[in-house]
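> pasting the sequence and the predicted coordinates here, then a few questions.
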Amino acid sequence: MMTQETGPPSSLDEVRGWFPKIDQLLFTWFLERQERLGERGDLVELGSYLGKSAILMGRHLREGETFTVCDLFDSDAPDDSNQAEMRGSYSSLTRRAFESNYRAFHDRLPEIVQGPTSLILDHVQPETCRFVHVDASHLYEHVHADIQAAHVLLPAGGLIVCDDYRSEHTPGVSAAVWESVATDGLRPICVTTQKLYGTWGDADAVQDDLLDWLAARDDAWHEVQQVAGRRLVRVKGRGATRPPNEVGRLKERLARADKRLARAEDRLARARGELEAVRGSVSFRLGRAATALPRALRGRRP
């Protein structure tokens, strides 16, 4: 059983787990955007390991909302393949370690469902959530079911985050995630090296806000790609191995500025057209004629 030999963690960096800085920034941005827009709903995490991402999510829980965490922890897996995965990757995972880490940052624990993630729909009602983090099994069948459960839990504008969507050792996750994109209407918003962020609602509005936010940051690099005719924002932290493409980033910002300028020029042209229409009207000409003599007399005064 894992213990905290050096005492409880005092910062998120001290909690074991795979949660890169860029994803910490994005989790925070997406959750704060929901709060800023007044979007309410519960939070769900499917697979929590030792609580690193759960701790961050818990910071954004508001009064009247519920945060539910579902994980096997010390329980047996539902099938042999899942049990083998647990032994190989998560042998140190215990509920006590998760709770100890979480309590180091929060007064109250989330609602904990200890068991397979297939139980989540027995504990959380449909369309009651605004943010679901899928980070449990790497096996296709389980990930597919988790994404389907997230679809049930989220209203159209809710957000899903899928972990390990592209790693070479997790092809089952990749298959389940992109199948949902291709056949189930999941719309990717952005991707990092580790996670895919998406929605079954309007991705364009979220992407517009995200691009504005990213353009003002010095600690993140991004580019916009096209996937099946839709935008997909790729985001990397500044400390990434691949150097940021500053030229491409500047070109993108310039192109967006050009679009704003074009819209402003279009509004100005319409305003000028409306002004010319007024000047050409009969009422305007009559008004000018009526005031012409007084204006002329004023101009002749010594």
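Here it is on my side, so go on. What you are looking at is a predicted structure, and each value in this text was computed from that prediction instead of being measured.

> just the strands in the stretch 1-150 of the chain please.
Per DSSP state E, counting those that start in this stretch, the stretch 1-150 of the chain carries strands over the ranges 42-46, 67-71, 111-114, 129-134.

> in a markdown table: these, plus mean neighbour count, distance to residue 162 and mean pLDDT.
Every residue, glycine included, has its C-beta placed from N, CA and C. As requested, those are exported to a markdown table (neighbours: other C-beta atoms under 10 Å; distance: least, C-beta to C-beta, whole Å; pLDDT from 0 to 100):
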| stretch | mean neighbour count | distance to residue 162 | mean pLDDT |
| --- | --- | --- | --- |
| strand 42-46 | 26 | 10 | 98 |
| strand 67-71 | 24 | 15 | 98 |
| strand 111-114 | 17 | 19 | 97 |
| strand 129-134 | 25 | 5 | 98 |
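
> generate JSON lines for those, with distance to residue 55 as supplementary columns.
Below are those laid out as JSON lines (distance: least, C-beta to C-beta, whole Å):
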{"stretch": "strand 42-46", "distance to residue 55": "10"}
{"stretch": "strand 67-71", "distance to residue 55": "11"}
{"stretch": "strand 111-114", "distance to residue 55": "14"}
{"stretch": "strand 129-134", "distance to residue 55": "12"}
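
> out of those, which is closest to residue 188?
The minimum distance between residue 188 and the strands of the stretch 1-150 of the chain falls on strand 129-134, with 13.6 Å, by C-beta to C-beta.

> contacts made by the closest one with the rest, please.
Under the contact criterion C-beta atoms under 8 Å, 6 or more residues apart in numbering, strand 129-134 has outside partners 30-31, 34, 39-47, 53, 57, 143, 146-147, 150, 153-155, 157-163.

> partners of that strand, with directions?
strand 42-46 (parallel), strand 159-163 (parallel) (DSSP bridges).

> what's the closest of those to residue 25?
Closest approach to residue 25 among the strands paired with strand 129-134 (C-beta to C-beta): strand 159-163, 13.0 Å.

> and the closest one, how far out from the chain middle?
Computed by C-alpha atoms, centre = their mean, to the nearest Å, the chain-centroid distance of strand 159-163 equals 8 Å.

> just the CA trace of whichever helix or strand comes after that strand, in PDB.
Later in the chain than strand 159-163, the nearest helix or strand by DSSP states H and E is helix 171-183. Coordinates of each C-alpha in helix 171-183 appear next as PDB, following Å, rounded to 0.1, in the frame of the first residue of the first chain:
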ATOM      1  CA  PRO A 171      -4.400   2.300 -29.300                       C
ATOM      2  CA  GLY A 172      -7.700   1.300 -27.800                       C
ATOM      3  CA  VAL A 173      -8.200   4.800 -26.500                       C
ATOM      4  CA  SER A 174      -7.400   6.300 -29.900                       C
ATOM      5  CA  ALA A 175      -9.900   4.000 -31.600                       C
ATOM      6  CA  ALA A 176     -12.700   4.800 -29.200                       C
ATOM      7  CA  VAL A 177     -12.100   8.600 -29.300                       C
ATOM      8  CA  TRP A 178     -11.900   9.000 -33.000                       C
ATOM      9  CA  GLU A 179     -14.800   6.600 -33.600                       C
ATOM     10  CA  SER A 180     -16.900   9.000 -31.500                       C
ATOM     11  CA  VAL A 181     -15.700  11.900 -33.600                       C
ATOM     12  CA  ALA A 182     -16.400  10.100 -36.900                       C
ATOM     13  CA  THR A 183     -19.800   8.500 -36.000                       C
END
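
> list the buried residues for helix 171-183?
172, 173, 174, 176, 177, 178, 180, 181 (16 or more other C-beta atoms under 10 Å).

> before we move on, back to that, of the contacts of strand 129-134, grab the buried ones for ChimeraX.
Buried residues among those (16+ other C-beta under 10 Å), as a ChimeraX selection:
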select :30,31,34,41,42,43,44,45,46,47,53,57,143,146,147,150,153,154,157,158,159,160,161,162,163
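
> quick one: low-confidence ranges for the stretch 51-200 of the chain?
By pLDDT under 70, the weakly predicted segments of the stretch 51-200 of the chain are 75-93.

> can you show me the helices along it?
Under the criterion DSSP state H, counting those that start in this stretch, the stretch 51-200 of the chain carries helices at the ranges 52-58, 80-89, 95-103, 140-153, 171-183.

> circling back: from the buried residues of helix 171-183, which is closest to residue 20?
For these, the nearest to residue 20 is residue 173 (16.5 Å; C-beta to C-beta).
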